[in-house]
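In: Predicted model and sequence below, questions to follow.
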Amino acid sequence: MIYKTDEEIELMEISAKLTSGTLAAIASIIKPGMSTLDIDRYANEFIRDHGALPSFHNFGGFPFHICASVNDAIVHGFPNHQPLKEGDIVSIDVGAYKNGFHGDQAYTFIIGDVAEELIQLVKITKESLAKGIAQAIHGNRIGDIGYAIESHIVPYGYGLVRETGWSWLRP
(Lines give C-alpha, C1' and ligand atoms only; values in the text may rest on other atoms or scores of the structure.)
Protein backbone atom coordinates (compact mmCIF):
# COMPACT_ATOMS: atom_id res chain seq x y z
CA MET A 1 0.00 0.00 0.00
CA ILE A 2 1.27 3.46 -0.85
CA TYR A 3 0.29 6.02 1.76
CA LYS A 4 -0.58 9.53 0.60
CA THR A 5 0.42 12.79 2.24
CA ASP A 6 -2.22 15.31 3.25
CA GLU A 7 -1.22 17.40 0.24
CA GLU A 8 -1.63 14.44 -2.12
CA ILE A 9 -5.04 13.68 -0.65
CA GLU A 10 -6.09 17.28 -1.30
CA LEU A 11 -4.96 16.94 -4.94
CA MET A 12 -6.87 13.67 -5.26
CA GLU A 13 -9.95 15.43 -3.91
CA ILE A 14 -9.68 18.07 -6.65
CA SER A 15 -9.78 15.37 -9.34
CA ALA A 16 -12.66 13.58 -7.62
CA LYS A 17 -14.65 16.81 -7.32
CA LEU A 18 -14.05 17.50 -11.00
CA THR A 19 -15.59 14.15 -11.95
CA SER A 20 -18.56 14.96 -9.70
CA GLY A 21 -18.86 18.34 -11.38
CA THR A 22 -18.70 16.72 -14.80
CA LEU A 23 -21.52 14.34 -13.91
CA ALA A 24 -23.58 17.23 -12.51
CA ALA A 25 -23.03 19.15 -15.74
CA ILE A 26 -24.11 16.11 -17.75
CA ALA A 27 -27.24 15.86 -15.58
CA SER A 28 -28.15 19.38 -16.67
CA ILE A 29 -28.04 18.55 -20.39
CA ILE A 30 -28.88 14.86 -20.82
CA LYS A 31 -32.22 14.34 -22.57
CA PRO A 32 -34.01 12.23 -25.16
CA GLY A 33 -32.64 12.70 -28.68
CA MET A 34 -29.08 13.27 -27.48
CA SER A 35 -26.52 10.59 -28.26
CA THR A 36 -23.88 9.26 -25.91
CA LEU A 37 -21.32 10.62 -28.40
CA ASP A 38 -22.80 14.08 -27.75
CA ILE A 39 -22.26 13.46 -24.03
CA ASP A 40 -18.71 12.23 -24.70
CA ARG A 41 -17.86 15.48 -26.54
CA TYR A 42 -19.49 17.57 -23.82
CA ALA A 43 -17.59 15.78 -21.02
CA ASN A 44 -14.29 16.12 -22.88
CA GLU A 45 -14.79 19.86 -23.25
CA PHE A 46 -15.95 20.29 -19.64
CA ILE A 47 -12.96 18.41 -18.21
CA ARG A 48 -10.44 20.25 -20.41
CA ASP A 49 -12.06 23.62 -19.61
CA HIS A 50 -11.30 22.85 -15.96
CA GLY A 51 -7.60 22.27 -16.61
CA ALA A 52 -7.63 18.50 -16.63
CA LEU A 53 -7.48 15.63 -19.10
CA PRO A 54 -10.10 12.89 -19.58
CA SER A 55 -8.55 9.82 -17.91
CA PHE A 56 -10.08 7.20 -20.18
CA HIS A 57 -9.13 8.69 -23.55
CA ASN A 58 -6.53 6.45 -25.21
CA PHE A 59 -6.20 4.26 -22.11
CA GLY A 60 -5.38 0.84 -23.55
CA GLY A 61 -6.57 2.13 -26.92
CA PHE A 62 -9.99 3.27 -25.65
CA PRO A 63 -11.01 5.95 -28.16
CA PHE A 64 -13.55 7.88 -26.06
CA HIS A 65 -13.53 10.26 -23.09
CA ILE A 66 -16.30 8.58 -21.07
CA CYS A 67 -17.90 5.16 -20.85
CA ALA A 68 -21.63 5.13 -21.57
CA SER A 69 -23.78 2.09 -20.90
CA VAL A 70 -27.41 2.26 -21.98
CA ASN A 71 -30.15 0.01 -20.56
CA ASP A 72 -28.92 -3.59 -20.44
CA ALA A 73 -25.27 -2.79 -21.25
CA ILE A 74 -23.42 -3.73 -18.08
CA VAL A 75 -20.40 -1.41 -17.89
CA HIS A 76 -17.70 0.33 -19.94
CA GLY A 77 -19.94 0.88 -22.96
CA PHE A 78 -18.65 2.77 -25.97
CA PRO A 79 -20.43 6.04 -26.76
CA ASN A 80 -22.27 5.93 -30.09
CA HIS A 81 -24.62 7.86 -32.39
CA GLN A 82 -27.81 6.11 -31.18
CA PRO A 83 -30.19 8.76 -29.80
CA LEU A 84 -31.29 8.34 -26.20
CA LYS A 85 -35.00 7.92 -25.76
CA GLU A 86 -37.61 8.39 -23.09
CA GLY A 87 -37.42 5.47 -20.67
CA ASP A 88 -33.68 4.76 -21.06
CA ILE A 89 -31.36 4.36 -18.13
CA VAL A 90 -27.82 5.47 -18.87
CA SER A 91 -24.72 4.90 -16.76
CA ILE A 92 -21.97 7.40 -17.48
CA ASP A 93 -18.47 6.73 -16.15
CA VAL A 94 -16.13 9.73 -16.06
CA GLY A 95 -12.44 10.05 -15.24
CA ALA A 96 -10.34 13.21 -14.93
CA TYR A 97 -6.58 13.55 -14.51
CA LYS A 98 -5.33 16.70 -12.82
CA ASN A 99 -2.32 17.54 -10.66
CA GLY A 100 -0.94 14.01 -11.04
CA PHE A 101 -4.05 12.21 -9.82
CA HIS A 102 -7.14 10.63 -11.36
CA GLY A 103 -10.73 11.03 -10.23
CA ASP A 104 -13.17 8.37 -11.42
CA GLN A 105 -16.92 8.21 -10.82
CA ALA A 106 -20.04 6.88 -12.45
CA TYR A 107 -23.69 7.79 -12.19
CA THR A 108 -26.85 6.25 -13.60
CA PHE A 109 -29.26 8.70 -15.21
CA ILE A 110 -32.95 8.01 -15.76
CA ILE A 111 -34.21 9.59 -18.98
CA GLY A 112 -37.79 10.78 -18.58
CA ASP A 113 -40.46 8.39 -17.39
CA VAL A 114 -39.27 4.83 -16.94
CA ALA A 115 -40.96 1.62 -15.90
CA GLU A 116 -41.37 1.15 -12.15
CA GLU A 117 -39.15 -1.96 -12.19
CA LEU A 118 -36.27 0.13 -13.57
CA ILE A 119 -36.73 2.74 -10.86
CA GLN A 120 -36.60 -0.11 -8.31
CA LEU A 121 -33.43 -1.50 -9.93
CA VAL A 122 -31.67 1.88 -9.74
CA LYS A 123 -32.86 2.42 -6.15
CA ILE A 124 -31.74 -0.99 -4.90
CA THR A 125 -28.37 -0.84 -6.63
CA LYS A 126 -27.74 2.62 -5.15
CA GLU A 127 -28.62 1.26 -1.71
CA SER A 128 -26.27 -1.69 -2.28
CA LEU A 129 -23.46 0.74 -3.10
CA ALA A 130 -24.01 2.46 0.26
CA LYS A 131 -23.98 -0.93 2.01
CA GLY A 132 -20.68 -1.79 0.31
CA ILE A 133 -19.11 1.57 1.15
CA ALA A 134 -20.12 1.10 4.80
CA GLN A 135 -18.00 -2.08 4.84
CA ALA A 136 -14.92 -0.37 3.34
CA ILE A 137 -13.29 0.09 6.72
CA HIS A 138 -9.99 -0.82 8.32
CA GLY A 139 -9.80 -4.53 9.06
CA ASN A 140 -12.40 -5.60 6.51
CA ARG A 141 -11.62 -7.37 3.27
CA ILE A 142 -12.91 -6.90 -0.27
CA GLY A 143 -15.14 -9.93 0.33
CA ASP A 144 -16.89 -8.07 3.15
CA ILE A 145 -17.82 -5.32 0.72
CA GLY A 146 -19.05 -7.80 -1.89
CA TYR A 147 -21.03 -9.74 0.70
CA ALA A 148 -22.80 -6.57 1.88
CA ILE A 149 -23.72 -5.67 -1.69
CA GLU A 150 -24.86 -9.14 -2.69
CA SER A 151 -26.83 -9.66 0.53
CA HIS A 152 -28.80 -6.52 -0.21
CA ILE A 153 -29.67 -7.24 -3.85
CA VAL A 154 -30.43 -10.97 -3.81
CA PRO A 155 -33.75 -10.67 -1.90
CA TYR A 156 -34.98 -8.44 -4.74
CA GLY A 157 -34.12 -11.05 -7.36
CA TYR A 158 -30.98 -9.31 -8.61
CA GLY A 159 -27.53 -10.82 -8.99
CA LEU A 160 -23.96 -9.79 -9.57
CA VAL A 161 -22.12 -9.66 -12.87
CA ARG A 162 -18.83 -11.46 -12.35
CA GLU A 163 -17.22 -10.37 -15.63
CA THR A 164 -17.18 -6.71 -16.61
CA GLY A 165 -16.10 -6.82 -20.24
CA TRP A 166 -12.60 -5.41 -20.20
CA SER A 167 -11.87 -7.38 -23.38
CA TRP A 168 -11.10 -4.18 -25.28
CA LEU A 169 -7.88 -3.99 -23.26
CA ARG A 170 -6.75 -7.43 -24.37
CA PRO A 171 -4.90 -8.06 -27.64
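Out: Cool, got the structure.
In: List the contacts of Phe78.
Out: Phe78 makes contact with 63-64, 67-68 under the criterion Cβ atoms under 8 Å, 6 or more residues apart in numbering. Where you see a C-beta, it was placed from the backbone N, CA and C, and this is true even at glycine.
In: In helices, which of these fall?
Out: The members of those all map outside helices under DSSP state H.
In: wait, which of those is closest to Ala106?
Out: Cys67 (7.6 Å; Cβ to Cβ).
In: what bridges to the closest one?
Out: Listed by DSSP bridges, the beta-bridge partners for Cys67 are Asp93.
In: ok, Tyr107 - how many residues close by?
Out: For Tyr107, the count of nearby residues is 17 (other Cβ atoms under 10 Å).
In: Likewise for Cys67?
Out: Using other Cβ under 10 Å, the number of residues around Cys67 comes to 21.
In: From His138, how far off is the residue nearest in space to the middle of the chain?
Out: Nearest to the mean C-alpha position of the chain, counting by Cα atoms, centre = their mean, stands Ala106 at 1.7 Å. For Ala106, the distance to His138 (Cβ to Cβ, to the nearest Å) stands at 25 Å.
In: now do Ser91
Out: In terms of Cβ to Cβ, Ser91 sits 30 Å off from His138.
In: So which of the two has more stuff around it?
Out: Ser91 (20 against 4).
In: In three-state terms, label that one for me.
Out: For Ser91, the secondary-structure state derived from DSSP: H, G, I helix; E, B strand; the rest coil is strand.
In: Break down the chain into its strands, ranges please.
Out: Counting by DSSP state E, the chain has these strands, from start to end: 53-54, 66-70, 89-98, 101-110.
In: For those, give me a markdown table that also has distance to Ile2.
Out: A markdown table is the format used below for the strands of the chain (distance: least, Cβ to Cβ, whole Å):
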| stretch | distance to Ile2 |
| --- | --- |
| strand 53-54 | 22 |
| strand 66-70 | 26 |
| strand 89-98 | 17 |
| strand 101-110 | 12 |
